[in-house]
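Asks: Attaching a predicted model along with its sequence, questions to come.
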Amino acid sequence: MKQAVVLFLSVLLLSSCCTKSILEVGKTYIFPKGEKVTNKNFTGNVWLQMLAQDEQMSIGNVTFEPGARTKWHLHPGGQIILVTEGIGYYQEKGQLKKVLHKGDVIKCPPNVEHWHGASPSSHLVHLAISNNGKGAVMWLKPVTDTEYHKGD
C-alpha cells in the first residue's frame, strides 16, 4: 500500500498542472469530477472519478454536493481520506462527528463502521484510498438525518 500511495502522490503532482477538472486551485486544475453515482450507497448527489483500481487498492476522487453523504460502511483493509476541497463530516460508530476541511487526512482503521460526506452548506471533495486486498467495502444502513445533524 505504501508504494501505491507514493505512486498516487506522484500522479497527483503531475496531474495538478495538466488535468482539467471542476475544481481550481488558483488557475491549476486537480482531478475530473467523474460520473454521477447512481447506486443506493449515498444520500444526495455524488460524483466519482476512479483514478486507480485493482484487486489490491483503489483511489477515487469523490465530489459531494452540500448535504450528500455515504451510508454507514466499513473497509476490511481500512481507508485513507484526503480532503482536497470544501467542508464535510466524518464519523466512526460510537464517536463524535468530525468536521473536515481542505488538507485534512483521515486514517480509518480496518473494519471500523463510518460515514463521510459534505456539510449542509458546502460541497466536499476528497480522495478515498482503500486497501482492497482484505475484501471489498461493506455497505450498511443509511445515515439518518438525526445522525447527520447531531452536534451541529
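Replies: Alright, I've got the coordinates.

Asks: so where's this structure shaky on pLDDT?
Replies: Scanning the chain for pLDDT under 70 picks out the ranges 1-29.

Asks: what about 50?
Replies: Confidence mapping of the chain against pLDDT under 50 gives the ranges 5-29.

Asks: partners of the lengthiest strand in the chain, with directions?
Replies: Assignment by DSSP state E gives strand 79-92 as the longest strand of the chain. In the sheet, strand 79-92 lines up against strand 98-101 (antiparallel), strand 105-108 (antiparallel), strand 114-118 (antiparallel), strand 124-131 (antiparallel) (DSSP bridges).

Asks: for those strands, which one ends up most surrounded?
Replies: The highest mean neighbour count among those, using mean count of other Cβ atoms under 10 Å, belongs to strand 114-118: a mean of 24. Just so you know, the C-beta spots here come from the backbone N, C-alpha and C atoms, and that holds for glycine as well.

Asks: Mind listing residues that contact that one?
Replies: Contacts made with strand 114-118 from outside it, assessed by Cβ atoms under 8 Å, 6 or more residues apart in numbering, are listed as 42-44, 46, 64-74, 81, 86-93, 100, 106, 108, 124, 126, 143, 147-148.
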